[in-house]
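> here is my input; please provide its structure:
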Amino acid sequence: MSGCLDLLRVPSERLWVEWAEGPRQAALREIPELNVEPVMNAGRAGALVRSDASGRTGTIRTFWSTADERTFAAAMIADFDLNVPIRNSQSIATVFDGGCAGVCFPEEPAIDALLSHIRFRFDPAWSQYYRSASLSDNEQSAVLRASLGSMAFDVPMLFALWLLMSATDGVQQSFVNLDRLNRARRLAGKSELLEHVEVRTSIQAQRHDDRSDGDAKTRMGRRLHHVRGHLARRGHKIYWRSPHLRGNARLGIVRSRTVELTFH
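Just a heads-up that it's a prediction; the model follows:
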């Protein structure tokens with residue numbers, strides 16, 4: 001995504017995005033560097049997004065629920081600016097006094113470049129609550145890390161969604177027609193329901209591509225191998241490439257994604 005930030009836009013000035021939290025947590029736990037702890041009874045989560053008319057700057061507030069239908073709001077709000085980096089480094093005490101915090105991920109330069117366009121601040125009510133609690137330095141550090149850990153990587157996930165939505169064949173969108181229901185709500189004196197769009201990733205069945213996919217410098221090409229789904233940029237357009245097989249089966253094949261090593 002870091003190479004496509006100039007193409008990224010929030011699709012609406014006011015937007016609510018909702019997703020199943022369990023699968024997302026499972027995907028994050030597969031990244032060892034994040035050290036994500038399992039979330040018990042994960043339900044659904046969502047984000048309230050407000051942006052300017054350009055869709056390039058705005059704020060994101062995240063929420064989540066548990067299996068027993070309890071709902072929680074993140075203590076921190078994310079500001080983003082896709083035009084210029086806004087991440088800054090302030091002391092922990094300053095953050096609790098209304099300042100901003102940033103998140104770094106030097107192990108992954110591409111993700112770190114994306115995070116440089118995001119900064120986080122406490123909701124004023126939460127900031128006042130923590131100040132009244134007279135937390136020690138260690139307690140402030142623990143609270144800040146826990147607050148950031150609960151929502152910092154929601155923002156890159158949302159950026160990925162919006163980039164996929166702008167890509168050719170990136171997602172499948174289903175627009176729910178609410179005209180009839182809204183007419184009935186108007187007659188009943190109720191407010192109309194907002195536009196509703198269901199989005200699914202375009203994960204197609206794995207297909208076999210017989211093209212060689214070899215280096216230009218060799219005639220041998222490469223053995224048959226898996227290519228995972230990915231975004232490809234061509235100028236000012238981006239495309240979603242579905243997972244597929246590529247290469248020459250005569251040079252060898254990958255029988256499984258899992259390889260077992262034994263030592264004697």
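> Arg119 sits in which helix or strand?
Assigned by DSSP states H and E, Arg119 belongs to strand 118-122.
> just give me how far stretch 153-170 sits from the chain centre.
Computed by CA atoms, centre = their mean, to the nearest Å, the separation of stretch 153-170 from the middle of its chain amounts to 7 Å.
> show the pLDDT at Val36.
Looking at Val36, its pLDDT is 67.
> and what of the one 4 residues further on?
In this prediction, Met40 carries a pLDDT score of 63.
> now Val95
Looking at Val95, the pLDDT reads 92.
> now swap in Leu5 and tell me
The score at Leu5 is 85. That number is its pLDDT.
> got it, and Asp215?
Looking at Asp215, the pLDDT reads 43.
> what's the answer for the one 5 residues further on, then?
Looking at Met220, its pLDDT reads 53.
> what's in contact with the strand holding Arg119?
Under the criterion CB atoms under 8 Å, 6 or more residues apart in numbering, residues 75-80, 86-88, 95-96, 98-103, 127, 130, 147-148, 152, 155 lie in contact with strand 118-122. For the C-beta atoms, the positions are set from N, CA and C on the backbone; glycine is no exception.
> can you check stretch 176-192 too?
Contacts for stretch 176-192 (CB under 8 Å, 6+ apart): Leu193, Glu195, His196, Val197, Glu198.
> quick one: which of those residues has the most company?
Val197 (14 neighbours; other CB atoms under 10 Å).
> please tell me how far that one sits from Leu181.
Between Val197 and Leu181 the computed distance is 15 Å (CB to CB, to the nearest Å).
> what ranges does the stretch 151-264 of the chain have for its strands?
171-176, 196-201, 207-209, 225-227, 230-234, 237-241, 244-246 (DSSP state E, counting those that start in this stretch).
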